[in-house]
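Asks: please work out how this folds:
(one chain, ligands or ions: 1)
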Amino acid sequence: MNTAKEIKDFFSTVTIDKSWAFQDKTRRETSYITHSYHRYPAKFIPQIVDRLIDKYTNTGDLVVDPFGGCGTTLVESKVLGRNSIGVDINPVAVLISQAKITPIEPLLINQEFINLKNKIYGYTEEVQIVLPSNERIDYWFRPEEKRKLSFILDKISKIDNEDIRNFFLCGFSNILKNCSIWLQKSNKPTRDFKKIPSEPINTFVRQIKANIKKNQEFYSILEEKGNLNISCLVYPNDARKIPTNDNTVSLIITSPPYVTSYEYADLHQLTALWLEYTENLPEFRKRFIGTTYKERKELKLNSKIAKEIVAQLSEKRKKTANEVENYFGEMNQVFIEMSRILKIGGRTCIVIGNTSLKGVEILNAEVFNEQLINLGFEIEDIIKREIPSKNLPSTRDTKTGRFTKINNKNKTFAYPVEYIIIGRKI
Ligand SMILES: C[S@@+](CC[C@H](N)C(=O)[O-])C[C@H]1O[C@@H](n2cnc3c(N)ncnc32)[C@H](O)[C@@H]1O
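Replies: Residues are numbered from 1 along each chain as shown. You can find the predicted model right below:
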């Protein structure tokens, strides 16, 4: 299976492996321990990661996720006693991951929560508060919620212990959407002037109570397994700059961003605004792979299938063709970085679905497969799995290519299935 045609033909013969759908898993199981701390678009379920780690590594091995997102791979690595490193270009993802991988001694977090609650229950309309100056906050928040959120954030910021502070910041971040006028069910930055935002103080307290329970579950599991001190590091890096030496990693598990689907920089702007992560949103957006905000770059695609897709798209819309070209070129660079850090015999597991833009099939899985082969990987397995609809939005608008509602007449099913490509460095 080496030529573009052979790869495409091979993919058309791969059948669904039902055992990878984890259909029987309840929401409680897919969001066990700290996985439920914070919403995150397109996060994968922990059961996939758990099974891959169990199959391909031994205790003490190093596992890496170059598109770490909210830290699913890292949390599961820690539970299973594997050292891990995650990177993500999105500082909000790094904050969430940091909180999720850091078990805090339950008595300590309970006491810290009592202290914090005592402070934030001291809120009155008269209390002096320094309000954030960024005008974009006023775009999303009404004055009353803005005042209360500023008060909560001020109290959290005064906590010295970084782990405890991050724990509360992660909870704070997860309530921002509810407390704003962001259209609740939308993943696009849209305002809803009819929305009644949630009251910040009670919402924050409820969120933290829920996260405290999950911390306790996580702590107990790790303590029982003797894994509390397993190394687990997360960095706000580009996937092409993973801070580990050559030939050190046993397993990479990752779900890359999709081209022109989620704009992560926009999606997480509420947290980024409050925590002052980005001064320059337009520049920040360009750092994401798969974004529509980049100029065309001349990158090596390393895949005939990718070239065919870009050529087809060029006939429909040049801008989309450039975006897809950038995407495949940048993903090839990520695979080069993966090859650098993997040990000989180490594996990379790429979880990816195909989609369509402007009526052109975007065969991500086939392209990645070809790029990996061209970089000297051996494809060891290709798993085709169904995605239970509760885990991912499955419809896209055929005209715009963006996620859409199920009742949109122009919809097409985007990710009814996805692949797990397992490549081995030889
Ligand atoms: C599909 S999500 C990963 C979700 C993750 N598997 C989880 O369970 O949370 C893709 C991630 O890629 C990140 N990303 C996009 N461009 C990146 C880049 N250049 N370097 C590193 N991460 C990037 C996004 O911020 C996003 O978190």
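
Asks: which stretches of the stretch 1-150 of the chain form helices?
Replies: 4-13, 27-30, 46-56, 72-79, 91-100, 106-120, 135-140, 143-157 (DSSP state H, counting those that start in this stretch).

Asks: other SSEs contacting the fourth one?
Replies: In this case it means helix 72-79. For helix 72-79, the packing partners by 3 or more C-beta pairs under 8 Å, 6 or more residues apart in numbering; DSSP states H and E come out as helix 46-56, strand 62-65, strand 83-87, helix 91-100, helix 200-225, strand 232-235. The way it works is simple: take the backbone N, C-alpha and C, and place the C-beta from them, glycine included.

Asks: quick check, stretch 63-78 touching the ligand?
Replies: Yes: judged by C-beta under 6 Å from any ligand atom, stretch 63-78 and the ligand are in contact via Phe67, Gly69, Cys70, Thr72.

Asks: check stretch 240-249 too.
Replies: No: against the ligand, stretch 240-249 shows no contacts by C-beta under 6 Å from any ligand atom, the least distance being 7.0 Å.

Asks: make TSV out of the helices of the stretch 1-150 of the chain and add mean neighbour count and mean pLDDT.
Replies: TSV is the format used below for the helices of the stretch 1-150 of the chain (neighbours: other C-beta atoms under 10 Å; pLDDT from 0 to 100):
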stretch	mean neighbour count	mean pLDDT
helix 4-13	14	95
helix 27-30	12	94
helix 46-56	20	98
helix 72-79	27	98
helix 91-100	26	98
helix 106-120	15	98
helix 135-140	14	94
helix 143-157	18	98
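
Asks: need the ones you listed in a markdown table with distance to Ser180, can you?
Replies: Output for the helices of the stretch 1-150 of the chain, formatted as a markdown table (distance: least, C-beta to C-beta, whole Å):
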| stretch | distance to Ser180 |
| --- | --- |
| helix 4-13 | 42 |
| helix 27-30 | 25 |
| helix 46-56 | 29 |
| helix 72-79 | 26 |
| helix 91-100 | 15 |
| helix 106-120 | 18 |
| helix 135-140 | 4 |
| helix 143-157 | 7 |
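
Asks: Leu363: which of these is closest?
Replies: helix 4-13 (7.3 Å; C-beta to C-beta).

Asks: pull that closest one out as PDB, backbone CA atoms only.
Replies: Extracted in PDB, the C-alpha atoms of helix 4-13 (Å, rounded to 0.1, in the frame of the first residue of the first chain):
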ATOM      1  CA  ALA A   4      -2.000   7.200  -3.800                       C
ATOM      2  CA  LYS A   5      -4.300   4.800  -5.600                       C
ATOM      3  CA  GLU A   6      -3.400   1.800  -3.400                       C
ATOM      4  CA  ILE A   7      -3.900   3.800  -0.300                       C
ATOM      5  CA  LYS A   8      -7.300   5.000  -1.400                       C
ATOM      6  CA  ASP A   9      -8.300   1.500  -2.500                       C
ATOM      7  CA  PHE A  10      -7.200   0.100   0.800                       C
ATOM      8  CA  PHE A  11      -9.200   2.600   2.800                       C
ATOM      9  CA  SER A  12     -12.300   1.700   0.900                       C
ATOM     10  CA  THR A  13     -11.900  -1.900   2.100                       C
END
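
Asks: touching it from outside, list them.
Replies: Here helix 4-13 makes contact (C-beta atoms under 8 Å, 6 or more residues apart in numbering) with 1, 303-305, 308, 363, 365-366, 369-370, 373, 382, 419.

Asks: my guess is Ile101 contacts Val75. True?
Replies: Yes: counting by C-beta atoms under 8 Å, Ile101 touches Val75, with 5.9 Å between them.

Asks: what residues do these two have in common as contacts?
Replies: Thr34.

Asks: residues near Ser186, how many?
Replies: For Ser186, the neighbour count with other C-beta atoms under 10 Å is 14.

Asks: tell me the secondary structure at it.
Replies: coil (DSSP: H, G, I helix; E, B strand; the rest coil).

Asks: so what does it have for phi and psi?
Replies: Dihedral angles of Ser186 (phi, psi; degrees, to the nearest 10) stand at phi -90, psi 140.

Asks: could you measure from it over to the ligand?
Replies: Here the criterion is C-beta to the nearest ligand atom, to the nearest Å. By it, Ser186 lies 18 Å from the ligand.

Asks: same question for Asp24.
Replies: 20 Å.

Asks: ok, now Glu6?
Replies: 28 Å.

Asks: which parts of the stretch 101-250 of the chain sit against the ligand?
Replies: By C-beta under 6 Å from any ligand atom, the part of the stretch 101-250 of the chain that sits against the ligand consists of Asp238, Ala239.

Asks: closest residue of the stretch 101-250 of the chain to the ligand?
Replies: Residue nearest to the ligand within the stretch 101-250 of the chain: Ala239 (3.7 Å; C-beta to the nearest ligand atom).

Asks: that residue - how many residues pack around it?
Replies: Counted with other C-beta under 10 Å, residues neighbouring Ala239 total 24.

Asks: let's have the helices and strands packed on helix 72-79 in CSV, adding distance to Tyr277.
Replies: Formatted as CSV, the helices and strands packed on helix 72-79 follow (distance: least, C-beta to C-beta, whole Å):
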stretch, distance to Tyr277
helix 46-56, 26
strand 62-65, 20
strand 83-87, 16
helix 91-100, 4
helix 200-225, 20
strand 232-235, 15
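
Asks: where exactly do the helices run in the stretch 251-400 of the chain?
Replies: Using DSSP H, counting those that start in this stretch, helices in the stretch 251-400 of the chain cover 264-267, 269-274, 281-285, 304-316, 318-341, 364-374.

Asks: which residue packs closest to Pro66, ignoring adjacent ones?
Replies: Ala239 (3.8 Å; C-beta to C-beta, 6 or more residues apart in numbering).

Asks: that neighbour contacts Ile289, correct?
Replies: Yes: taking contacts as C-beta under 8 Å, Ala239 lies within contact range of Ile289: 6.9 Å.

Asks: from Pro41, how far off is the closest residue to the ligand within the chain?
Replies: Nearest residue of the chain to the ligand (C-beta to the nearest ligand atom) works out as Gly69 at 2.4 Å. Using C-beta to C-beta, to the nearest Å, we find Gly69 at a distance of 9 Å from Pro41.

Asks: which one of these two has more residues nearby?
Replies: For Gly69 and Pro41, the more surrounded residue by other C-beta under 10 Å is Gly69, and the numbers stand at 24 against 16.

Asks: any idea what Ser84 is bridged to?
Replies: Listed beta-bridge partners, Ser84: Val63, Cys232 (assigned using DSSP bridges).

Asks: hang on, isn't it packed against Pro66?
Replies: No: between Ser84 and Pro66 there is no contact under C-beta under 8 Å: 11.8 Å.

Asks: and Ala21, how many neighbours?
Replies: 18.
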